[in-house]
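Engineer: requesting a structural model of the entry that follows:
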Amino acid sequence: MRHQGWSISAIARCMGRDRKTVRAYLNGERTIGVRAETRDEFLQFVPYCQQRLDDDPHLQARMLHSEIVELGYNRAYSTFTRALRRHLMWPRRGPRHRRRASPGRGPLEDVQFDWVQLPAPPVEWDYGQEMYLLMGSLTRSGHWRAALAGTSDLPHCVEALDQVLRRLGGTGERWLFDRTAPVCSTAGKVTAVFHEIAIHYGASIAIRPRTGAPNPVVRARRSVVLHWWDTAAGEPDVQAAQDSLDRLTERSGSRNRQSGCHTRALLPLPSKPFPARICVQRRVDPRGLVPFEGNFYLLPAGLVGNEVRIRRRLDEPHLSITTTRGAVIACFRRAPRGAGRTVSEHNGPIALERPGRTSGAGARARRTPCPSTLHPRTAP
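Structural biologist: Residues are numbered from 1 along each chain as shown. Sure, this is the predicted structure:
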């Protein structure tokens, strides 16, 4: 066709091929019947990626992709992840990596979590109109533990999850959740933040389908918890109710051991919880005390009756009390949960709300100190 005077575009239209392909065959760059070889641009970056993953097994693929793009890699992120899995068997983190580091542990457990909404707590607890409970059950041995939470937001969910895992003595290889917030969206997609939480504990997340039949064991434990709540609501505070719940779950665990259920291997937990930030609002009582986690924190008498906010990060040993606008009042060393202590020593000066900004001569007059304050009059 070329010898007959056809152009490359005409040949491409007639054969239904791309013009670059036709030009490559006509110029002898390709041979009929031989598949063209594609160059893998990732091969030259394999040593760098291997070293980065060895140094930091929890490194995100998107961050690694941005690093090698700066080094000259010109392929898309999806192409990069395929090459990373093909050449380096990525991901090399989470429970698989930790299980290779400690062989001979046997099969690992999965943990199934169930979020239960309880009736309103007693008014004396000062927890508002909501109360939640997070149950964590080992899918093979049947052991389970539970933790109370004031709300169902992400920080309180992380705190309850950490307490459940530490009561179980470790974490499973996989976490099983229903389609509930804040774990995933209504479409069943796990949120990015909860992926980071699972990576922190060395686990993966699986969402149970809505069409799946409800687990009869979990349903029975939910009924047991609701019956327990009818009597636990008479406890003096939340910590006493949590202690009662711990005794209930321990009795259930001892029955499982007597029936011959053997505990499977669990992965070790990190030394500190995931650094989520908890913020709750409390009112200062007439004695200047603010209740939090079964303890009391003493504030100046001028704040009696005011609303304050208590902020703390789960991995830090202290907490801060601020005004409703965010001004820090004082920082305290956090007392152990449920210790019943009254903490009065705080770090740093007390900063109250700033007065409204004014202008003019009146403001200059207020900023000018009294002469007697600067130079006190001495006795004659």
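Engineer: residues contacting residue 309?
Structural biologist: 279-282, 321-324, 326 (C-beta atoms under 8 Å, 6 or more residues apart in numbering). In this view, the C-beta of every residue, glycine as well, is placed from N, C-alpha and C.
Engineer: tell me the one of these nearest residue 169?
Structural biologist: Here the nearest of those to residue 169, counting by C-beta to C-beta, is residue 280; it sits at 28.5 Å.
Engineer: quick revisit: for the contacts of residue 309, work out which two are farthest apart.
Structural biologist: Pairwise distances across the contacts of residue 309 peak at 15.2 Å for 282 and 326 (criterion: C-beta to C-beta).
Engineer: neighbour count winner among these two?
Structural biologist: Remark: of residue 282 and residue 326, residue 282 carries more neighbours, 17 against 9, as counted by other C-beta atoms under 10 Å.
Engineer: tell me what the helix or strand containing the more buried one is packed against?
Structural biologist: Using DSSP states H and E, residue 282 maps to strand 277-283. When contacts are defined as 3 or more C-beta pairs under 8 Å, 6 or more residues apart in numbering; DSSP states H and E, strand 277-283 sits against helix 154-168, strand 289-292, strand 307-313.
Engineer: just checking: what are the partner strands of the second one?
Structural biologist: Here the strand partners of strand 289-292, with direction, are listed using DSSP bridges: strand 295-298 (antiparallel).
Engineer: contacts for the strand it pairs with, please.
Structural biologist: The contact list for strand 295-298 (C-beta under 8 Å, 6+ apart) reads 288-290, 310, 319, 321, 330, 332, 335-344, 346.
Engineer: mind doing that once more with 10 Å?
Structural biologist: Identification of contacts with strand 295-298 by C-beta atoms under 10 Å, 6 or more residues apart in numbering yields 239, 282, 284-285, 287-291, 308, 310, 319, 321, 329-330, 332-346.
Engineer: among these, name the ones in helices.
Structural biologist: The helices, defined by DSSP state H, take in residue 239 from the contacts of strand 295-298.
Engineer: can you say which of the contacts of strand 295-298 are buried?
Structural biologist: Among the contacts of strand 295-298, those classed as buried by neighbour count (16 or more other C-beta atoms under 10 Å) are 239, 282, 284, 288-291, 308, 310, 319, 321, 329-330, 332, 334-335, 343, 346.
Engineer: still on that earlier bit, now the strand holding residue 282 and helix 154-168, what's the angle there?
Structural biologist: Interaxial angle, strand 277-283 versus helix 154-168 (axes from the mean of the first three to the mean of the last three C-alpha atoms, to 10 degrees): 110 degrees.
Engineer: which parts of strand 277-283 are buried?
Structural biologist: For strand 277-283, using 16+ other C-beta under 10 Å, the buried residues are 278, 280, 282.
Engineer: can you lay out those residues as TSV showing distance to residue 40 and pLDDT?
Structural biologist: Listed next are the buried residues of strand 277-283 as TSV, based on distance: C-beta to C-beta, whole Å; pLDDT from 0 to 100:
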residue	distance to residue 40	pLDDT
278	48	90
280	53	88
282	60	88
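Engineer: between the residues you listed, which is nearest residue 266?
Structural biologist: For the buried residues of strand 277-283, the nearest to residue 266 is residue 278 (25.9 Å; C-beta to C-beta).
Engineer: what bridges to the closest one?
Structural biologist: Here residue 278 sits in beta bridges with residue 312, going by DSSP bridges.
Engineer: what's the local residue count around the closest residue to residue 183 other than its chain neighbours?
Structural biologist: Leaving aside its sequence neighbours, residue 183 sits nearest to residue 177 (C-beta to C-beta, 6 or more residues apart in numbering; 4.6 Å). Using other C-beta under 10 Å, residue 177 is surrounded by 18 other residues.
Engineer: now do the contacts for residue 177.
Structural biologist: 111-115, 183-184, 190, 194, 205-208.
Engineer: please repeat the previous calculation with a cut-off of 7 Å.
Structural biologist: 113, 183-184, 205, 207-208 (C-beta atoms under 7 Å, 6 or more residues apart in numbering).
Engineer: what's the answer for residue 206, then?
Structural biologist: Residue 206 neighbours (C-beta under 7 Å, 6+ apart): 174, 176.
Engineer: use 25 as the first number from now on
Structural biologist: Okay, residue one is now 25; in that scheme the one you just asked about reads as residue 230.
Engineer: what does it show for phi and psi?
Structural biologist: Main-chain torsions, residue 230, degrees, to the nearest 10: phi -130, psi 140.
Engineer: how near is it to residue 149?
Structural biologist: 34 Å (C-beta to C-beta, to the nearest Å).
Engineer: go on, residue 31?
Structural biologist: Distance, residue 31 to residue 149, by C-beta to C-beta: 85 Å.
Engineer: so between the two, which is more surrounded?
Structural biologist: Using other C-beta under 10 Å, the more surrounded residue of residue 31 and residue 149 is residue 149, with 19 against 12.
Engineer: please name the residues that touch the more buried one.
Structural biologist: Residues near residue 149 by C-beta under 7 Å, 6+ apart: 261-262.
Engineer: for residue 84, give me its contacts.
Structural biologist: Contact analysis of residue 84 by C-beta under 7 Å, 6+ apart lists nothing.
Engineer: and the pLDDT at it?
Structural biologist: Here, the pLDDT recorded for residue 84 equals 79.
Engineer: distance-wise, check it relative to residue 229.
Structural biologist: 16 Å.
Engineer: any stretches of the stretch 175-324 of the chain with poor pLDDT?
Structural biologist: Applying pLDDT under 70 to the stretch 175-324 of the chain flags the ranges 234-239, 277-288.
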